[in-house]
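Colleague: coordinates only, sequence not included:
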């Protein structure tokens, strides 16, 4: 039932993101009504493409395809079976040939070309994609600078616990740095790459760090909507910063990067409780657990 | 070194692909296969050889160094065999594989120049974006972490790439046998570039070029005699890839933001090419594409999308010819 639901919701999501799916359906419909195809190969492509499109949309057949492609991949990937781009390009050219044959003047032809380009452009999201992909250059550059400074300070291997943006890029920037948890803490799909999971202690550490970054406080209350894979700390409970840092040290962490937004009072409290002098490192505060 | 590898990729792919086509379909090699067939077949062979070296390295050595040793060995053997096969065919003079002679004039018509220029502008903009921007989609992927970890430790899957800590319960073997991260680590090592540059920029640029070769092959299958329509097909494809850059799973999105992933290579290179082969009834090259998919993505015990597409085309072809025979029988 879950797969059936995913198949149906998958198609709805795909058709909601952009309209190339709708353009494909329109082209297949016109190919069928106008009997498009100047040779056997074009006809065969439309026959294949038409059937596969229908089977990818119908939830029951879509589920069968999803099982065939293995559950590792999402609904979107069954569309690999349908040459969407090729079908639209071929169908578009043939439709244009049909319409172009009826148009005589050059002006009308130019108008038709402009209209066709406009229709294709309107099927996208006009530079506003739903799946926003940021340019990571600046973000990674900032993290790299922080890690380079950390490496200068660090004596020996580093097992790091840091805010999410650092944890996200640290391993790909410097493989010598080890992390207490990886991106699969908040990106569920990545768990398919490993049988290893995280304990509640590591999940608490992630939750505390995220909330400390957001609120700039040592003791934070867990909200209901926490971006975390697996069982989150109980909503409404309080995570104490000093206890979390001690727990991290017990788990082997030797360097902690704390958000630069932590207040002066919070830093003084930390220094007194842990006897560690925080060092300013870029936009973060560094705690070297080896100072203890 | 990177430029050398990029330049060497073309003749090496052509040589391997040419020899393979001569072996699998030598009687039609001269007349029915084109330069893009040879290049793509060669690229798929390079991936296949990388898979062989990767499996060898997993069994013996478990390191990038072992992979490098095995890959160079396999490349040398395959390259030498390809040279011998091509030279033999050239000397015998009968079955030499050359591109089919274009009946059309080599000079382009004015409208063809316009459409080619439009295609080059669109494809060039995509290439520029891939090479000089870092707009990468990372949510489902840890290729770069894996490549970086392989190079640091010179050990394949010795530690969890996400944390750098040793695995406690390990990872799925069906992911472990896929060769792309090891191939990228090898290329990073021999080209002396950063893993990021190789994985997020160079490889996606090669994937984009391979995708257009695959679409050219599909265009040739659909419009065998109309060069203008083939160029128009490529230009429309380039526009559709830019427009399709809106959602995960779309070919354009994969090519522009995740060209290093196996699923992107499958969706944008292997499948269009395989469909072109099926339309042209070049069944003998289909196993190469099917096997390449097995090297790149997790399949149902080797049963990937490629084998499904080929089977469906065979069934559809069978039904169509049965219907035609029945129709002819009636008349």
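Modeller: Received it, and whenever you're ready, just let me know what you need. The model shown is predicted, which means the values in this text are computed figures rather than measured ones.
Colleague: Okay, now the unreliable bits of the chain?
Modeller: Let's take chain A. A:127-132, A:291-292 (pLDDT under 70).
Colleague: not what I meant, chain B
Modeller: For chain B, applying pLDDT under 70 flags the ranges B:93-105, B:331.
Colleague: Show me what the top helix by length along it packs onto, helices and strands only.
Modeller: Secondary structure of chain B per DSSP state H: the longest helix is helix B:64-92. Judged by 3 or more C-beta pairs under 8 Å, 6 or more residues apart in numbering or on different chains; DSSP states H and E, the packing partners of helix B:64-92 are helix B:2-25, helix B:35-59, helix B:180-191. Every C-beta, even on glycine, is put in place using the N, C-alpha and C of the backbone.
Colleague: Are the longest one and chain A in contact anywhere?
Modeller: No. Between helix B:35-59 and chain A, judged by C-beta under 8 Å from any C-beta of the partner chain, nothing touches; the nearest distance is 14.7 Å.
Colleague: Just the buried residues of that helix, please?
Modeller: Residues B:36-58 are the ones in helix B:35-59 that count as buried (16 or more other C-beta atoms under 10 Å in any protein chain shown).
Colleague: hang on, the earlier thing: would you mark the buried spots in the longest helix of chain B?
Modeller: Applying a neighbour-count criterion of 16+ other C-beta under 10 Å, one finds B:64, B:66-71, B:74-75, B:78-79, B:82, B:85-86, B:89 buried in helix B:64-92.
Colleague: That one versus helix B:35-59: what angle between them?
Modeller: Angle of helix B:64-92 versus helix B:35-59, following axes from the mean of the first three to the mean of the last three C-alpha atoms, to 10 degrees, is 140 degrees.
Colleague: Could you check the angle helix B:64-92 makes with helix B:2-25?
Modeller: Using the same axes, to 10 degrees: helix B:64-92 against helix B:2-25 is 50 degrees.
Colleague: I'd like the distance between the residue of the stretch 101-250 of chain A found nearest chain B and residue A:170.
Modeller: As assessed by C-beta to the nearest C-beta, chain B sits closest to residue A:182 within the stretch 101-250 of chain A, at 2.7 Å. Residue A:182 sits 9 Å away from residue A:170, going by C-beta to C-beta, to the nearest Å.
Colleague: Using TSV, lay out the helices and strands packed on helix B:64-92 together with distance to residue B:320.
Modeller: Converted to TSV, those look like this (distance: least, C-beta to C-beta, whole Å):
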stretch	distance to residue B:320
helix B:2-25	23
helix B:35-59	25
helix B:180-191	37
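Colleague: Quick check: which of those helices is nearest to residue A:8?
Modeller: Of all the helices and strands packed on helix B:64-92, helix B:180-191 sits nearest to residue A:8, with 32.2 Å by C-beta to C-beta.
Colleague: which helices and strands does that closest one pack with?
Modeller: Checking 3+ C-beta pairs under 8 Å, 6+ apart, helix B:180-191 ends up next to helix B:2-25, helix B:35-59, helix B:64-92, helix B:143-153, helix B:195-197.
Colleague: out of the ones you listed, nearest to residue A:224?
Modeller: When the helices and strands packed on helix B:180-191 are compared by C-beta to C-beta, helix B:143-153 sits nearest residue A:224, at 31.1 Å.
Colleague: Now do the SS call for residue A:258.
Modeller: strand (DSSP: H, G, I helix; E, B strand; the rest coil).
Colleague: What's the local residue count around residue B:192?
Modeller: Neighbour count of residue B:192, defined by other C-beta atoms under 10 Å in any protein chain shown: 8.
Colleague: was I right about it contacting residue B:3?
Modeller: No. Using C-beta atoms under 8 Å, residue B:192 is not in contact with residue B:3; the gap is 11.5 Å.
Colleague: Which residues of the stretch 101-250 of chain A lie near chain B?
Modeller: Within the stretch 101-250 of chain A, the residues that sit near chain B (C-beta under 8 Å from any C-beta) are A:117, A:120-121, A:123-125, A:129-131, A:133-137, A:140, A:168, A:171-184, A:187, A:189-190, A:192-196.
Colleague: out of these, which are buried?
Modeller: Neighbour counting over these (16+ other C-beta under 10 Å) leaves A:120, A:123-125, A:129, A:131, A:133, A:136, A:140, A:168, A:171-175, A:177-184, A:187, A:189-190, A:192-194, A:196 as the buried ones.
Colleague: Who's the closest spatial neighbour of residue B:60, skipping the chain neighbours?
Modeller: Nearest residue to residue B:60, sequence neighbours excluded (C-beta to C-beta, 6 or more residues apart in numbering or on different chains): residue B:66, at 6.4 Å.
Colleague: ok, now which ones touch residue B:276?
Modeller: B:214, B:217-218, B:220-221 (C-beta atoms under 8 Å, 6 or more residues apart in numbering or on different chains).
Colleague: Out of those, which are close to chain A?
Modeller: Answer for those near chain A (C-beta under 8 Å from any C-beta): B:218, B:221.
Colleague: Can you tell me which of the contacts of residue B:276 comes closest to residue A:93?
Modeller: Using C-beta to C-beta, these come closest to residue A:93 at residue B:218, 12.3 Å.
Colleague: Quick one: check the helix or strand hosting residue B:235 for contact with chain A.
Modeller: Using DSSP states H and E, residue B:235 maps to helix B:227-243. Yes. Judged by C-beta under 8 Å from any C-beta, helix B:227-243 and chain A are in contact via B:229, B:232-233, B:236-237, B:239-243.
Colleague: repeat for stretch B:248-263
Modeller: Yes. Using C-beta under 8 Å from any C-beta, stretch B:248-263 reaches chain A at B:248-253, B:257, B:263.
Colleague: now for the helix or strand hosting residue A:111, which elements pack on it?
Modeller: Per DSSP H and E, residue A:111 falls inside helix A:106-123. Contact analysis of helix A:106-123 by 3+ C-beta pairs under 8 Å, 6+ apart lists helix A:20-33, helix A:84-102, helix B:227-243 as its packing neighbours.
Colleague: show me where chain A has strands.
Modeller: Along chain A, the segments classed as strands by DSSP state E run A:158-161, A:177-179, A:219-221, A:238-240, A:255-259, A:279-281, A:284-288.
Colleague: picking that back up, need the nearest residue in space to the residue of the stretch 101-250 of chain A closest to chain B, chain neighbours excluded.
Modeller: Nearest one to residue A:182, counting by C-beta to C-beta, 6+ apart, is residue B:162 at 2.7 Å.
Colleague: thought the one you found was touching residue A:192?
Modeller: No. The criterion here is C-beta under 8 Å, and residue B:162 misses it with residue A:192 at 11.8 Å.
Colleague: Where do the helices of the stretch 101-250 of chain A begin and end?
Modeller: For the stretch 101-250 of chain A, applying DSSP state H, counting those that start in this stretch gives helices covering A:106-123, A:137-153, A:164-173, A:200-215, A:241-250.
Colleague: With distance to residue A:259 added, can I get those helices in a markdown table?
Modeller: Listed next are those as a markdown table, based on distance: least, C-beta to C-beta, whole Å:
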| stretch | distance to residue A:259 |
| --- | --- |
| helix A:106-123 | 42 |
| helix A:137-153 | 12 |
| helix A:164-173 | 10 |
| helix A:200-215 | 4 |
| helix A:241-250 | 11 |
